[in-house]
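A.B. asks: Quick one, structure for this:
(one chain, ligands or ions: 1)
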Amino acid sequence: MSAVPLLDVQGVHAHYGQSHVLHGASLSIKPGEGVGLLGRNGMGKTTLIRTVLGLMRATGGSVRMHGREITRDAPDRIARLGVGYVPEGRGIFPTLTVRENLVMAARPGVRGQRDWTLDRVLQLFPRLAERIGNCGAQLSGGEQQMLAIGRALMTNPDLVILDEATEGLAPLVVAEIWRTIGLIRSSGIASLVVDRNFRAVLAHTDKAVVLEKGKVVMQGSSAELAGNEDALHRVLGV
Ligand SMILES: Nc1ncnc2c1ncn2[C@@H]1O[C@H](COP(=O)(O)OP(=O)(O)OP(=O)(O)O)[C@@H](O)[C@H]1O
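C.D. replies: Numbering: from 1, shown residues only. Below you'll find the model as predicted:
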């Protein structure tokens, strides 16, 4: 395993106008590592993700991918460096079919890898295979979420960022999404996972960081954190 982190976020600041939201947040992800990002509502998790993706400009600090500075790069360039994104709210194309949604996302990874093909995504999600000709808008919420994950995998990413991937889904579908997150991890793709269910996050990641008011206030291996629920309850307010 390379000594250079896959993703290295150091001391990042971000503002919405006058409102200072990230206050020197740092986070690093090794190749293949699963990382949880926890924190109460409004603590800056989505903002940190948007900053990594280049959807928001950091006002301080640096973001590196594969050791390369990407802090001021455009979102498209960052995506091409191997970052797959499953946005909160899913971001699929409602008027395109399942097949079109998947095929249009297809591209080789940074090292030319083509591990994830249409067939492999359909094997992972048999539900999508059954609905291959349906438009995005005709899918259930869970199927749309699977399609969003499938689209991210079709880009053969080195890192997948999942923001609230289980939000609003029925328990059986939630279980299916966590199973998929587990499979992504075991296939060697690094992940950054935000979810309200901190126990599930800790069960599916190697380490986790907790954000409070735009700063990392707690971090450690997921197993350690899971064994320290009292401290987590205090900082997560659950
Ligand atoms: N577009 C925006 N304009 C102004 N302030 C914003 C905007 N988006 C978020 N904020 C504020 O920035 C802070 C961090 O929000 P962010 O969405 O990053 O938090 P979060 O930890 O992802 O929470 P949630 O779980 O509620 O999404 C919050 O105080 C929020 O109100």
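
A.B. asks: and the lengthiest helix in the chain, what other elements does it pack with?
C.D. replies: Longest helix in the chain by number of residues, with DSSP state H as the criterion: helix 171-186. Where contact means 3 or more Cβ pairs under 8 Å, 6 or more residues apart in numbering; DSSP states H and E, helix 171-186 is packed against helix 141-154, strand 190-194. For glycine as for every other residue, the C-beta is placed from the backbone atoms N, C-alpha and C.

A.B. asks: In CSV: the ones you listed, plus mean pLDDT, distance to Ser62 and mean neighbour count.
C.D. replies: What follows is the helices and strands packed on helix 171-186, written out as CSV (pLDDT from 0 to 100; distance: least, Cβ to Cβ, whole Å; neighbours: other Cβ atoms under 10 Å):
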stretch, mean pLDDT, distance to Ser62, mean neighbour count
helix 141-154, 95, 24, 23
strand 190-194, 97, 17, 24
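
A.B. asks: Relative to the ligand, which of the ones you listed is closest?
C.D. replies: Across the helices and strands packed on helix 171-186, the ligand has its closest neighbour in strand 190-194 (6.9 Å, Cβ to the nearest ligand atom).

A.B. asks: Near the ligand, which residues of the chain are found?
C.D. replies: 16, 19, 21, 39, 41-47 (Cβ under 6 Å from any ligand atom).

A.B. asks: hmm, 8 Å instead?
C.D. replies: When proximity is defined as Cβ under 8 Å from any ligand atom, the chain approaches the ligand at 16-17, 19, 21, 39-50, 88, 163-164, 194, 196, 211, 214.

A.B. asks: Show me which of these are buried.
C.D. replies: Among the residues of the chain next to the ligand, those buried by neighbour count (16 or more other Cβ atoms under 10 Å) are 21, 39, 43-50, 163-164, 194, 211, 214.

A.B. asks: Please identify which of those residues is nearest to Gly142.
C.D. replies: Set against Gly142, the nearest of these by Cβ to Cβ is Glu164 (13.7 Å).

A.B. asks: quick one: contacts for the nearest residue to the closest one once chain neighbours are set aside?
C.D. replies: Among residues not flanking Glu164 along the chain, Glu88 sits closest, at 4.4 Å (Cβ to Cβ, 6 or more residues apart in numbering). Going by Cβ atoms under 8 Å, 6 or more residues apart in numbering, Glu88 touches 46, 163-164, 167.

A.B. asks: In strands only, show me these.
C.D. replies: Members of those lying in strands (criterion: DSSP state E): Asp163.

A.B. asks: Do I have it right that Met154 meets Ala105?
C.D. replies: Yes: the criterion here is Cβ atoms under 8 Å, and Met154 meets it with Ala105 at 4.1 Å.

A.B. asks: distance of the residue nearest to Glu164 from Ile161?
C.D. replies: Distance of Glu88 to Ile161, computed by Cβ to Cβ, to the nearest Å: 10 Å.

A.B. asks: Give the helix, strand or coil label for the spatially most central residue of the chain.
C.D. replies: Nearest to the mean C-alpha position of the chain, counting by Cα atoms, centre = their mean, stands Ile161 at 1.3 Å. With DSSP: H, G, I helix; E, B strand; the rest coil as the basis, Ile161 sits in strand.
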